[in-house]
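> I'd like to go over a predicted model; first the sequence, then the structure.
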Amino acid sequence: MKHVKKAVFPVAGLGTRFLPATKASPKEMLPLIDKPLVQYVVEEAMASGIEQVLFVTGRGKHTLEDHFDVAFELEALLSGKGKDTELCQVREISNMVRIFYVRQKQALGLGHAILCAKDFVGDEPFAVLLGDDIIDGETPCLSQLMNVYNKYGSTVLGLEHVPMENISSYGCVSGEEISDSVFKVTNLVEKPKKEDAPSDLAIIGRYILTPDIFPILAKQSPGKGGEIQLTDAILELSKTDAVYGCKFEGIRHDCGDKLGFLKATVDIALKREEFGKDFEKYLRERLT
Ligand code: G1P
């Protein structure tokens, strides 16, 4: 069985939940403290053993490309001023991982974005990471999904129980829990109404897929919102191939949402060695 070494990041979205900040800047570049969102997710992928990343981009995403590129002038300036720590930080980013780009020329949905990765993926299993979801845990979330993939050799979805009133924001699955936190998925519905949802188990933005998804995506008709939905293609796949779900450990922040982003900022800031304690003191003062 081949190991998962490639990851696909669909980053062509317009970030409408975060306007006006995302009017001229990609949502993936919003900084959580001092790193853009996308860097946290690339770091998670690397910590899980990913060696190659494909960004499926769209218009107006050049700052994301620049972020992972060599910044010659900045490096020369930092080096001239003897700012070695900053120089190291900046250099590390451009050496993180092998990065590739493809343009999603039409905004036809997540399923269509994944189809754009077909040539990059070839005949290997691959991961998909959605940049809105920042997952903070002891073991990287993608690594937890990989453990399930390495056992069963088939599609794995990241899952989380969500309050029923929020289920219509997610792909929803139902299935049988076959071992601790691992589900054999039997049904999937993209963004169901609360009353139609088969469970409270939501798909979170982490997937391990196999190239078997591509012929299905190529034939997939538009679904919810008139878009080609990855969830619909996985439902089709589940009729012939086993699909698993992994209820991962860790705290997930929906950083595509303003309140979720704020919570993530506070959580991560409280853990920072340089100012976590001072920040906590400040928050306590403000709340009393
Ligand atoms: C996408 C998927 C959905 C999934 C969600 C996770 O929706 O279509 O199934 O639950 O990501 O973040 P989006 O949030 O892009 O509308």
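Ah, there it is.
> interface residues of the stretch 1-150 of the chain facing the ligand?
110, 130, 132-133 (CB under 6 Å from any ligand atom). Just so you know, the C-beta spots here come from the backbone N, C-alpha and C atoms, and that holds for glycine as well.
> mind listing what Ile213 touches?
Counting by CB atoms under 8 Å, 6 or more residues apart in numbering, Ile213 makes contact with 114, 155, 230, 233-234, 237.
> Closest to the ligand out of those residues?
Nearest to the ligand among these: Leu230, at 5.9 Å, using CB to the nearest ligand atom.
> Test my guess that that closest one contacts Leu115.
No - with contact defined as CB atoms under 8 Å, Leu230 does not reach Leu115; the gap is 9.4 Å.
> Which positions in the stretch 151-288 of the chain make contact with the ligand?
Residues of the stretch 151-288 of the chain lying near the ligand (CB under 6 Å from any ligand atom): 170-171, 190, 202-205, 229-231.
> Looking at the residues of the stretch 1-150 of the chain next to the ligand, which are in strands?
Asp133 (DSSP state E).
> Tabulate the residues of the stretch 1-150 of the chain next to the ligand in a markdown table, adding columns for pLDDT and neighbour count.
What follows is these, written out as a markdown table (pLDDT from 0 to 100; neighbours: other CB atoms under 10 Å):
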| residue | pLDDT | neighbour count |
| --- | --- | --- |
| Leu110 | 96 | 25 |
| Leu130 | 96 | 21 |
| Asp132 | 91 | 22 |
| Asp133 | 95 | 22 |
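> Closest residue of the stretch 51-200 of the chain to the ligand?
Closest contact between the stretch 51-200 of the chain and the ligand, by CB to the nearest ligand atom, is at Gly171 (2.4 Å).
> so which helix or strand takes in His253?
Element membership for His253, per DSSP states H and E: strand 251-254.
> which helices and strands does that strand pack with?
With contacts taken as 3 or more CB pairs under 8 Å, 6 or more residues apart in numbering; DSSP states H and E, strand 251-254 sits against strand 133-136, helix 258-271.
> Pick the most deeply packed of those.
Compared across the helices and strands packed on strand 251-254, strand 133-136 shows the largest average neighbour count, a mean of 21 (mean count of other CB atoms under 10 Å).
> how about the CA coordinates for it, as CSV?
Coordinates of each C-alpha in strand 133-136 appear next as CSV, following Å, rounded to 0.1, in the frame of the first residue of the first chain:
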residue,chain,number,x,y,z
ASP,A,133,-10.2,24.6,9.9
ILE,A,134,-7.3,25.1,12.3
ILE,A,135,-6.9,22.1,14.5
ASP,A,136,-4.9,22.2,17.7
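> Tell me which residues of the helix or strand following it come out buried.
Later in the chain than strand 133-136, the nearest helix or strand by DSSP H and E is helix 141-152. Neighbour-count burial for helix 141-152 flags 141-146, 148-149, 152 (criterion: 16 or more other CB atoms under 10 Å).
> can you pull the contacts of the residue of the stretch 51-200 of the chain closest to the ligand?
By CB under 8 Å, 6+ apart, the contact list for Gly171 reads 188-191, 202-203, 229-231.
> Pull up the gap between it and Lys105, please.
Going from Gly171 to Lys105 by CB to CB, to the nearest Å gives 24 Å.
> Kindly report the same for Tyr282.
In terms of CB to CB, Tyr282 sits 47 Å off from Lys105.
> quick one, which of Leu230 and Leu115 is more surrounded?
Leu230 (30 against 22; other CB atoms under 10 Å).
> roughly how far apart are that one and Pro20?
29 Å.
> Val189 too?
From Val189 over to Pro20 the distance is 33 Å, taken as CB to CB.
> which of the two has more neighbours?
Shown here are Val189 and Pro20; by other CB under 10 Å, Val189 has more neighbours (23 against 7).
> residue contacts, that one?
For Val189, the contact set (CB under 8 Å, 6+ apart) comprises 171-173, 196-198, 231, 235.
> Relative to the whole chain's centre, how far out is the helix or strand of the chain with the lowest mean pLDDT?
Scoring the helices and strands of the chain by mean pLDDT, DSSP states H and E places helix 84-94 at the bottom, with a mean of 85. Here helix 84-94 is found 24 Å from its chain centre; the criterion is CA atoms, centre = their mean, to the nearest Å.
> cool, stretch 208-220 as well?
Put simply, stretch 208-220 sits 19 Å off its chain's centre (CA atoms, centre = their mean).
> didn't Glu177 look like it was pressed against Thr186?
No - using CB under 8 Å as the test, Glu177 is too far from Thr186 to be in contact (11.5 Å).
> Sweet, I'm off.
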